[in-house]
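> need the 3D shape of this:
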Amino acid sequence: MSKSPLRTFLITGVSSGLGRAFAAGALGAGYRVIGTVRRPEDGAAFEAQAPGRAHALELDVTDFDAIPARIAAEERLRGPIDVLVNNAGYGHEGVLEESSIDDLRHQFDANVFGAVAMIKAALPGMRERRRGHIVNVTSMGGFITMPGISFYCGSKFALEGISESLGKEVAPFNVHVTALAPGQFRTDWAGRSMDRTARSIADYDAVMDPIRASRQAKSGNQPGDPDKAAQALLTLVSSENPPTRLFLGEDALGLVTQKLEQMKSEVAVWEAVSRSTSFEA
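Okay, the predicted model is just below:
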C-alpha cells in the first residue's frame, strides 16, 4: 500500500469496464474512492473491495439536477475531492442517417453533459483549495473518427474541447485537467454496453455490416489491459506536470499519428486557399 497521504478520488461508473479498473487501482494504492453506481447491489460489491475506503454513491450522471447536492453531501462525509475521474458513458453505434436525434441527445447527455455537471459540482472546492485534478475519459475516437460511430465521436470530440479549454481557465488555481483517451481495451464497451441502432438503409450495407460484425467479434479480445490503464491513471494524477491529453494504447498512438500526418498533408495542399481569404494589405 502507498505511503502517500490519503487522497480522495471520485470516479463515475465503477461497476464495470475501465471505471471498475480505475477504482480498484486507486484502492489498491491506498486511496479513498467514491464511486458512482446505478444499482444497490453494485454499490455493495464495490464497497466490499475496501471497507472504509470504498464508498458507493448511487447516482445517474444524467440526473443533472441531483448532482450538486449529492456531491456536496459526499464531500461533507468523506472530505475534499482531490481527483475527479469522469468515466461514466457509453458507445452508440449507428449510421448517422439511420440514427435519431433522441439517440444523439442521449449520447451527449451521458458522455458530455453528465461529465460537465460533475465538474461543476466538484470544481468550486478544488478552486477554493487551489488544488485538484479533473480527468475526463474521452477516447481515441475524440480525435480520430470511424464510420458508424459518428454520435459517439461527436460526444468525445466535444468533451476533448471542453477539457482543453477548461484546463486553461483553471490552471491559475493549480487545478489540472486531462483528457484521457483510450484505444481499444478489454471491456464491455463494444458488447453489452453499446447501444446499436437498427439497420434500415441498404445503401450503407457495404460500409456498415462488416464494421458491425468486426466490432462484435473483437469484443472481449481487445488489446488493452484495463488494469494497466489504471496504473497509467495513477501515474498521471501523481505527476507535477500532467499532460492536457494522454492517449492509452498502441492502437491509439498509431491511429492518432496517422491522422496527424494526414492533417499536415491536407493543410499543405490547401494552404493557398486558406491564405486567400484575408483583406489585401
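> phi and psi next, for the spatially most central residue of the chain.
Centroid-nearest residue in the chain: Val137, 1.9 Å away (criterion: Cα atoms, centre = their mean). Main-chain torsions, Val137, degrees, to the nearest 10: phi -80, psi 110.
> pLDDT score for the nearest residue to it once chain neighbours are set aside?
With Cβ to Cβ, 6 or more residues apart in numbering as the measure, Asn87 is the residue that lies nearest to Val137, at 4.5 Å, once sequence neighbours are left out. Placement of C-beta: from N, CA and C, glycine included. Per-residue confidence at Asn87 stands at 97 (pLDDT).
> please shift the residue numbers so they start at 52 in all later answers.
Sounds good: first residue 52 from here, last item Asn138.
> strand partners (parallel or antiparallel) of the longest strand along the chain?
Assignment by DSSP state E gives strand 226-233 as the longest strand of the chain. Paired with strand 226-233 in the same sheet, following DSSP bridges, are strand 183-188 (parallel), strand 296-299 (parallel).
> can you name the next helix or strand after that strand?
strand 246-247 (DSSP states H and E).
> low pLDDT regions in this structure?
By pLDDT under 70, the weakly predicted segments of the chain are 52-57, 240-242.
> please repeat the previous calculation with a cut-off of 50.
52-55 (pLDDT under 50).
> where do the strands sit along it?
Using DSSP E, the strands found in the chain span residues 59-62, 83-88, 105-109, 134-137, 143-144, 183-188, 226-233, 246-247, 296-299.
> how about those strands in CSV, adding distance to Gly76?
Shown next, in CSV, are the strands of the chain (distance: least, Cβ to Cβ, whole Å):
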stretch, distance to Gly76
strand 59-62, 10
strand 83-88, 9
strand 105-109, 12
strand 134-137, 11
strand 143-144, 27
strand 183-188, 13
strand 226-233, 13
strand 246-247, 27
strand 296-299, 13
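> and of those, who's closest to Ala95?
With Cβ to Cβ as the criterion, Ala95 lies closest to strand 105-109 of the strands of the chain, at 7.3 Å.
> pairing partners for the closest one, with directions?
With DSSP bridges as the test, strand 105-109 pairs up with strand 83-88 (parallel).
> list of residues touching the strand it pairs with?
With contact meaning Cβ atoms under 8 Å, 6 or more residues apart in numbering, strand 83-88 is reached by 57-66, 70, 74, 77-78, 94, 97, 101, 104-110, 112, 125, 129-130, 132, 139.
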